[in-house]
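Q: Coordinates for the following, if possible.
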Amino acid sequence: MSNDLYAVADFCLIPMGTGEPSVAGYIAECQRILEKSGLKYKVRLLLLNVCEGPWSEVTKAIHDCHLAVHAQGAPRIATDIRIGTRTDREITPGTGNEAKVKRVEDILSK
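A: Modelled structure (predicted):
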């Protein structure tokens, strides 16, 4: 097993103190960061992002999202992060969350 855990993370990044009712531009910038990271990710509901990959790369991507959103002028950011890891089996990179969703869909289809 590698020293770097494989992680599936969901995080909700909320720019604060921007004086604007819309945060779409800030979230788009975060999505650009996730795209550049090379991690598998999905943006949902504008603020919720799911990304997966090595722990260090996932947490770096979240860090880089913070840097980018601050650089756009957001003086404060609140972020909720939930990260799951497992060591009981190998996970093919990029399939961690997808496999969980498929398992539930398979159960529901019966």
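Q: drop to CA atoms for contacts and neighbour counts, all remaining ones
A: Noted.
Q: residues contacting the residue lying closest to Ala78 once chain neighbours are set aside?
A: Distances taken as Cα to Cα, 6 or more residues apart in numbering put Ile14 closest to Ala78, at 5.1 Å, once the chain neighbours are dropped. Ile14 is in contact with 23, 47, 77-79, counting by Cα atoms under 8 Å, 6 or more residues apart in numbering.
Q: where's the dip in pLDDT among the residues you listed?
A: Within the contacts of Ile14, pLDDT reaches its minimum at Leu47, with 64.
Q: average pLDDT for the helix or strand in which Lys42 is found?
A: Assigned by DSSP states H and E, Lys42 belongs to strand 40-44. Averaged across strand 40-44, pLDDT comes to 86.
Q: outside of that strand, which residues touch it?
A: Under the criterion Cα under 8 Å, 6+ apart, residues 31, 34-35, 49-53, 94 lie in contact with strand 40-44.
Q: again, only using 7 Å
A: Residues from elsewhere that reach strand 40-44, judged by Cα atoms under 7 Å, 6 or more residues apart in numbering: 34, 49-52, 94.
Q: and that strand, which strands flank it?
A: When pairs are called by DSSP bridges, strand 40-44 turns out to pair with strand 48-54 (antiparallel).
Q: rewinding a little: of all pairs in the contacts of strand 40-44, which one spans the longest distance?
A: Greatest spatial distance among those (Cα to Cα): Asn49 and Gly94, at 14.5 Å.
Q: Looking at those two, which is more packed in?
A: Asn49 (21 against 16; other Cα atoms under 10 Å).
Q: where do the strands sit along the chain?
A: Along the chain, counting by DSSP state E, strands occupy 6-16, 40-44, 48-54, 76-85.
Q: The first one: partners in the sheet, and parallel or antiparallel?
A: Which is strand 6-16. Partners of strand 6-16 in its sheet, by DSSP bridges: strand 48-54 (antiparallel), strand 76-85 (antiparallel).
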